[in-house]
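> Here is the input, now give the coordinates:
(one chain, ligands or ions: 1)
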Amino acid sequence: MYLHGTCRQNELGHLEIGGVDAVSLAETYGTPLYVYDVALIRERAKSFQKAFIEEELTAQVAYASKAFSSIAMFQLAKEEGLSLDVVSGGELHTAICAGFPVEKIHFHGNNKSRDELKMALENEIGCIVVDNFYEMKLLEELGQELSKQVKVLLRITPGVEAHTHDYITTGQEDSKFGFDLHNGQADEAVKRVLESEVIELLGVHCHIGSQIFDTAGFVLAADKIFLKLNEWRESFGFISTVLNLGGGFGIRYTEEDEPLPATEYVEKIIQAVKENVARYEFDMPEIWIEPGRSLVGDAGTTLYTIGSSKHVPGIRDYVAVDGGMSDNIRPALYQAKYEAASANKMSQSHDQTVSIAGKCCESGDMLIWDIDLPELSQGDLLAVFCTGAYGYSMSNNYNRIPRPAVVFVEDGEAQLVVERESYADMVKLDLPYQSKVKSST
Ligand code: LLP
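Coordinates of the predicted model:
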């Protein structure tokens, strides 16, 4: 079993994270519980920034906050000198509540509303990543109305789609995001933005995919973009001062996953940009990247308590936990795979093969199929590793199951950063039905 970050087995045979015993965490805060290893998040943030600092390049490493957003997380990101990518008014509001420096916030999304854009402009955030012509029009109107200059990047789809080890190049990408680089839309977008009085074009953005284990896709995307930047310099006199190559850097969920170290992704990206800068005789642009999963994914562990079990003779043993697709929908949605351990029986041999069921009323609510674990009984603790990205942030109240609490652990101390939802929270937005049926008196 692979233990991430500061996870280790302590003298009691328990899982320990950030110097805190997982059994005591479960006792104090209850389960299911999201536990974040703060030291690992800090380490990841530093490794993404390292190569930029060493090469004295102007860069921004923006945390793609959709992976896990909370006030405490944004405050940690701020402390680590990260920028922030938000994709909704809700994420932006959280950032503002966290006191995140507004000039380091970038706003993404394929259908930002007028209200969301207004909020972004009023708060004078760093830049808006414009996704389509409708948004461009809204920004033009809002900029005039509020007498604000609007700094933007244009999101383009470069025709490179990368996942894990493979990338594919497509002439014209079938995507709901961005301006296509090949069918003339990106050219038209640049032309229109340059004509605007209120919109200031800083540069371009692309995001080629997720859970990427290779650097070839990023290099290819950079090559394609520079080819266009060269054209745009000739046709429009436009010079991009920012090149944002998005996120998507892979992490190790299971032993099948072989991600590169953060430093290697960044070094290859820098090299690709430098080669293009030399080829086309540009000044070095600022390089921005947007890691989400790779900053918080393996820093997160979910603790569950074992409840019921079911033996299906000759087929399988099911063991159920007190959470499931309500706190981690990724297995049900993407067939995502996870590793797990029994947090109170770390030293015991794994001589039982079980499948971990969630408690939601749906057969598809299975967290892990066929995993070797020690003999588990009711009350034992299960730790599912690598749940830090798109776990809590995609959690839901299916079956009116309250969302778990979230704790940060660091240097032997735990800190509650998101409270557990209560049953009262389950009904707090509900209003009583005003019946139209006349009561017979
Ligand atoms: N930048 C942009 C524009 C993005 O759309 C995303 C992710 C990221 C950065 C961060 O990507 P990351 O480094 O986290 O891979 N819910 C899915 C992942 C959806 C990713 C959406 N965009 C999952 O659970 O795997």
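
> Might you report the residue contacts of R114?
Neighbouring residues of R114 by C-beta atoms under 8 Å, 6 or more residues apart in numbering: L138, L142. Bear in mind the C-beta positions are built from the backbone N, C-alpha and C, glycine included.

> So which residues of the stretch 151-300 of the chain form strands?
Listed in chain order, the strands found in the stretch 151-300 of the chain under DSSP state E, counting those that start in this stretch are 160-164, 166-169, 179-180, 199-205, 209-212, 242-244, 286-289, 300-312.

> out of these, which comes closest to E264?
When these are compared by C-beta to C-beta, strand 209-212 sits nearest E264, at 11.9 Å.

> What is the neighbour count of the residue nearest to E421 when sequence neighbours are not counted?
Among residues not flanking E421 along the chain, P402 sits closest, at 3.5 Å (C-beta to C-beta, 6 or more residues apart in numbering). P402: 18 surrounding residues under other C-beta atoms under 10 Å.

> how about the longest helix seen in the chain, does it reach the ligand?
Ordering each helix of the chain by length in residues (DSSP state H) puts helix 216-236 first. No. Using C-beta under 6 Å from any ligand atom, helix 216-236 never reaches the ligand; the gap is at least 11.9 Å.

> pLDDT of that helix, averaged?
The pLDDT scores in helix 216-236 average 97.

> repeat for stretch 166-174
On average, the pLDDT along stretch 166-174 is 65.

> likewise stretch 324-335?
Average pLDDT, stretch 324-335: 97.

> which residues touch that stretch?
By C-beta under 8 Å, 6+ apart, the list of residues contacting stretch 324-335 from outside reads 32, 34, 302, 336-338, 357-360, 362, 364-368, 384, 387, 390-392, 394-399, 401, 403-404.

> End to end on it, go ahead and measure it.
In stretch 324-335, first residue to last residue: 13 Å (C-alpha to C-alpha, to the nearest Å).

> Return the set of buried residues in it.
By neighbour count with 16 or more other C-beta atoms under 10 Å, stretch 324-335 contains the buried residues G324, M325, S326, D327, N328, I329, R330, P331, A332.

> If we ignore the residues flanking it in sequence, what's nearest the first one?
I take that to be G324. Nearest residue to G324 in three dimensions, chain neighbours excluded: G358, at 1.6 Å (C-beta to C-beta, 6+ apart).

> Mind checking what secondary structure the closest residue in space to M1 that isn't next to it in sequence has?
Excluding its sequence neighbours, the residue lying closest to M1 (C-beta to C-beta, 6+ apart) is A341, at 5.6 Å. Put simply, A341 is strand when judged by DSSP: H, G, I helix; E, B strand; the rest coil.

> For the helix or strand in which G90 is found, buried residues please.
Using DSSP states H and E, G90 maps to helix 89-97. Neighbour counts over helix 89-97 (16+ other C-beta under 10 Å) mark G89, E91, L92, T94, A95, I96 as buried.

> So which of these is the closest to K345?
Closest to K345 out of the buried residues of helix 89-97 is T94 (37.2 Å), distances taken as C-beta to C-beta.

> So that closest one is in contact with S69, correct?
Yes. Contact criterion C-beta atoms under 8 Å: T94 and S69 qualify, at 5.3 Å.

> joint contacts of these two?
Overlap of the contact sets of T94 and S69 (by C-beta under 8 Å, 6+ apart) consists of V86.

> which residues sit in contact with the residue nearest to E421?
Taking C-beta under 8 Å, 6+ apart, we find P402 in contact with R420, E421, S422, Y423, D425, M426.

> residues contacting the fourth one?
Y423 makes contact with R400, P402 under the criterion C-beta under 8 Å, 6+ apart.

> How about the fifth one?
For D425, the contacting residues are P402, taking C-beta under 8 Å, 6+ apart as the criterion.

> residues from the stretch 101-250 of the chain in reach of the ligand?
Counting by C-beta under 6 Å from any ligand atom, the stretch 101-250 of the chain sits next to the ligand at H108, H207, S210, G246, G247, G248, F249.

> Of those residues, which is the most crowded?
Neighbour counts for those (other C-beta under 10 Å) peak at F249, which has 29 neighbours.

> so how far is L295 from that residue?
Per C-beta to C-beta, to the nearest Å, F249 is found 9 Å from L295.

> what's the answer for S422, then?
Distance, S422 to L295, by C-beta to C-beta: 30 Å.

> Which residues belonging to the lowest-mean-pLDDT helix or strand in the chain are considered buried?
Among the helices and strands of the chain, strand 166-169 carries the lowest confidence by mean pLDDT, DSSP states H and E, at a mean of 69. For strand 166-169, a neighbour-count test (16+ other C-beta under 10 Å) marks Y167 as buried.

> can you check stretch 249-263 too?
F249, G250, I251, R252, Y253, P259, L260, A262.

> Of those, which pair is most distant in space?
Y253 and A262 (16.2 Å).

> just to revisit the earlier point, switch the residues of the stretch 101-250 of the chain next to the ligand over to a markdown table; also include pLDDT.
As requested, those are exported to a markdown table (pLDDT from 0 to 100):
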| residue | pLDDT |
| --- | --- |
| H108 | 97 |
| H207 | 95 |
| S210 | 93 |
| G246 | 97 |
| G247 | 96 |
| G248 | 96 |
| F249 | 97 |
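
> R8: which of those residues is nearest?
In terms of C-beta to C-beta, no member of those lies closer to R8 than F249, at 25.0 Å.

> tell me which residues in the longest helix of the chain are buried?
Going by neighbour count (16+ other C-beta under 10 Å), the buried part of helix 216-236 is 217-226, 228-229, 232.

> what are the ranges of the helices in the stretch 51-200 of the chain?
With DSSP state H, counting those that start in this stretch as the criterion, the stretch 51-200 of the chain has helices at 71-79, 89-97, 114-122, 133-146, 185-195.

> Any chance of TSV for these, columns mean pLDDT and distance to L153?
Listed next are the helices of the stretch 51-200 of the chain as TSV, based on pLDDT from 0 to 100; distance: least, C-beta to C-beta, whole Å:
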stretch	mean pLDDT	distance to L153
helix 71-79	98	20
helix 89-97	98	16
helix 114-122	98	13
helix 133-146	97	12
helix 185-195	97	10
